[in-house]
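Novice: task: produce atomic coordinates for the following.
(2 chains)
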Amino acid sequence: MKRVYPREERCINCHLCEVACIVEHSETKLPSAAYHVEGLRFNREDSRTICDPAEARAAGVPKPLNRTLVQTAGYLSLSTNCRHCEEPDCVLACKNGSLYVAEDGRVLVQEDKCVGCWMCVMACRYGAISRNPARSNVPAVAFNGINHHCDLCPERELPACVWVCPTNALVFEDRDDQ
Amino acid sequence: MEYYEEPNARVALGLRRPEPGDWYHGYPEYHVERDDDKCIRCLVCVRQCPYDCTFYDPYRHGVYNVHENCVNCRRCEFMCPTSAIRMTKWGAGFRDNDNWKQKTIRTVYKQADSGAVSLTGLGNDREYVSYFDRMVIDASQVTNPSIDPLREPMELRAYIGKKPERHTNPPEVYPNLKAELPVIFAPMSFGAISFNFQRGLAMAAKEAGTYFNTGEGGLHPDLRQYGDHAIVQIASGRFGVSLDYLSNAAACEIKIGQGAKPGIGGHLPGEKVTWDVSRTRMIPEGSDALSPAPQHDIYSIEDLRLLIYGLKEATEYTRPVSVKIAAVHNVAAIASGIVRAGADIVVVDGFRGGTGAAPAVIRDHVGIPVEVALAQVDQRLREEGIRHQASLIAAGGIRSSADVIKGLALGADAFYIGTAAMVAVGCTACQQCHRGRCSWGITTNRPDLAPRLQPEVAAERLTNLLHGWAHEIKEMLGMMGLNSIESLRGNRLKLRGVGMTQVELDTLGIQQAGL
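Specialist: Just a heads-up that it's a prediction; the model follows:
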């Protein structure tokens, strides 16, 4: 299966992969709108812009978040995202079966089922799962949000982060044989 | 959100005024304009700026600039995903004055601030006459047919080295370089440029069938595999020179001078001497690599002969030996002496040649244009009947395939391209090479900046450049009715001068346009 692999010796810590990821997973697919408009709503009652993610969620507009994260340590940096493991710990840990391995090998989440218990976050050895506070299925713990990780850009042939990387520090290739 | 430390104290204090004793930075030269509507605060520009010019203010959730530090390298402009950034000149600058230009005033401020020699990078940026731009090329009409290079064979291969004087049986054969097109990558040392760029040069040279020059910094062990396409340099500092180094290369080059700084040695600031550079150069890490001004074993043509034959002995007469000099006054007589001393290749480096670091005053005022030097050297060697004993390589200021054609007609066998190669891989000619923090990863070895240029990206772009130039050279040769560069070499009837005095025309050995 083709996965996104980082090559840390090439990473220049520019974080364009994060930008591309956010734009790709936004509604408008426009950088300015993805960052400035989506997730925010003009509140007519007191004439102000909502900047708080929880408030934006109440208004029904999910704010796009990056699914890949550039991690840095000194001069070293690399973009980390979901490894889409063959035997994923997160799927084993998921208590209500909202995480599953799709037929093509991708690890996906059923966004309407996730309750935000964060066992997947605990289980992932790569730290590739984050929480998306913009959505929630359980009103009582709405602040928890839901599981949020790389979906390998289903609408694109090449994931957006790989496509945008200026030094080819991310590659999309099949390394199952190696 | 990550917190970025503000780059200097006066910004933190909200003061725009420079620190005492820093007048140079008191007057910003460029203005980084940021369209706040478009800016998405992704902070790519903050992370990409190596000159402490851009910073993020978490309190205002905005990106701001210390414009005084901007060198107009345009990296942030290039990387910005929303094109929110653009560079402009800062205001009116100093009062209009053709004698005391902005640059002149700023240089005086800088020296008064620091008391140091004003260093700079890249090549001469003054408004001297470019003879390349005042020469025009001939074309075939009616009386002689032009050739279509897409339908007929066209010969661009250049054999560089000593040629036999006349045909004998068996023929005399001397070691020659075989370049598939007469364009070679100029000497740029590892240390001055990044390893990735040198590797890119090596890969492109191999791909295009030409050569790259290691410069004076030695040959990195990882580049040994490209030895067949390497010209190795022996400069006054003798950095990285060993028998292995000499015998692993296609040719050896003795560096006497460099076009950007004739008469002085190389300057590699200590901050550019990283572990890898120190290992390749065989010098301590972090020490300034300052080559002596002369080669201390060469004080005469006779001494040069000793070194040339020393190198030939060391390589068992299997490789041509080249001597590189800067184009200076009386260059023809010097070149003649070099050929008589036994050099197989003479490289003449004009005053527009680039450098990793040189005193600005020397870069801007010393040396002569390569066009006139080339014409004079070729003429002198012909007159003395020793032109066949050495090939002539022109360097310093070759910007396009038209310059190559004009240089060929003036008598050169091949050309070095340095700055053109750098521009091909992203250089924006911001002239900060000497600071060792090139924002394009070209002239730096800082581990966070060097990966910005990847060897295969560089190799691909350089190969494309050579491919394009080769096509254009073929087209121009065909247009003149010639089918090989051998037919054009030294054929000054194919050139005419525009807007030159008779003395200039005579020096170049060409005729006035219209004749």
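Novice: please make it C-alpha for all contacts and neighbour counts, starting now.
Specialist: Will do.
Novice: how close does residue A:9 get to residue B:453?
Specialist: 11 Å (C-alpha to C-alpha, to the nearest Å).
Novice: which one's more surrounded, the two?
Specialist: For residue A:9 versus residue B:453, the count of surrounding residues by other C-alpha atoms under 10 Å in any protein chain shown is larger for residue B:453: 24 against 15.
Novice: right, and that one touches residue B:443 too?
Specialist: No. Look at residue B:453 against residue B:443 with C-alpha atoms under 8 Å: they stay out of range, at 10.1 Å.
Novice: the strands in the stretch 201-350 of chain B, which residues?
Specialist: Along the stretch 201-350 of chain B, the stretches classed as strands by DSSP state E, counting those that start in this stretch are B:212-213, B:230-234, B:251-255, B:267-268, B:289-290, B:321-326, B:345-349.
Novice: ignore the last one, the stretch 51-200 of chain B
Specialist: Using DSSP E, counting those that start in this stretch, strands in the stretch 51-200 of chain B cover B:54-57, B:62-65, B:85-89, B:119-120, B:135-137, B:158-161, B:176-179, B:183-185.
Novice: will you turn the ones you listed into CSV that also has mean pLDDT?
Specialist: Shown next, in CSV, are the strands of the stretch 51-200 of chain B (pLDDT from 0 to 100):
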stretch, mean pLDDT
strand B:54-57, 86
strand B:62-65, 88
strand B:85-89, 94
strand B:119-120, 90
strand B:135-137, 96
strand B:158-161, 96
strand B:176-179, 96
strand B:183-185, 97
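Novice: ok, and the helix or strand in the chain with the lowest average confidence?
Specialist: In the absence of a named chain, this looks at chain A. Every helix and strand in chain A was compared by mean pLDDT, DSSP states H and E; the lowest is strand A:42-43, with a mean of 44.
Novice: and the stretch 201-350 of chain B, which of its residues are near chain A?
Specialist: By C-alpha under 8 Å from any C-alpha of the partner chain, no residue of the stretch 201-350 of chain B approaches chain A.
Novice: give the contact list for the residue of the stretch 201-350 of chain B found nearest chain A.
Specialist: Chain A sits closest to residue B:274 of the stretch 201-350 of chain B, with a gap of 14.2 Å, by C-alpha to the nearest C-alpha. If a contact means C-alpha atoms under 8 Å, 6 or more residues apart in numbering or on different chains, then residue B:274 has B:191, B:285-286, B:445-446 as its contacts.
Novice: mind checking what secondary structure the residue most central in space within chain A has?
Specialist: The residue lying closest to the centre of chain A (C-alpha atoms, centre = their mean) is residue A:67, at 2.1 Å. Taken by DSSP: H, G, I helix; E, B strand; the rest coil, the conformation at residue A:67 corresponds to coil.
Novice: quick one: it from chain B, how far?
Specialist: 15 Å (C-alpha to the nearest C-alpha, to the nearest Å).
Novice: quick one, what contacts that residue?
Specialist: By C-alpha under 8 Å, 6+ apart, the contact set of residue A:67 is A:18, A:21-22, A:81, A:129-130, A:148-150.
Novice: go through those residues and name the one nearest chain B.
Specialist: residue A:18 (8.5 Å).
Novice: that closest one: which element?
Specialist: Per DSSP states H and E, residue A:18 falls inside helix A:16-24.
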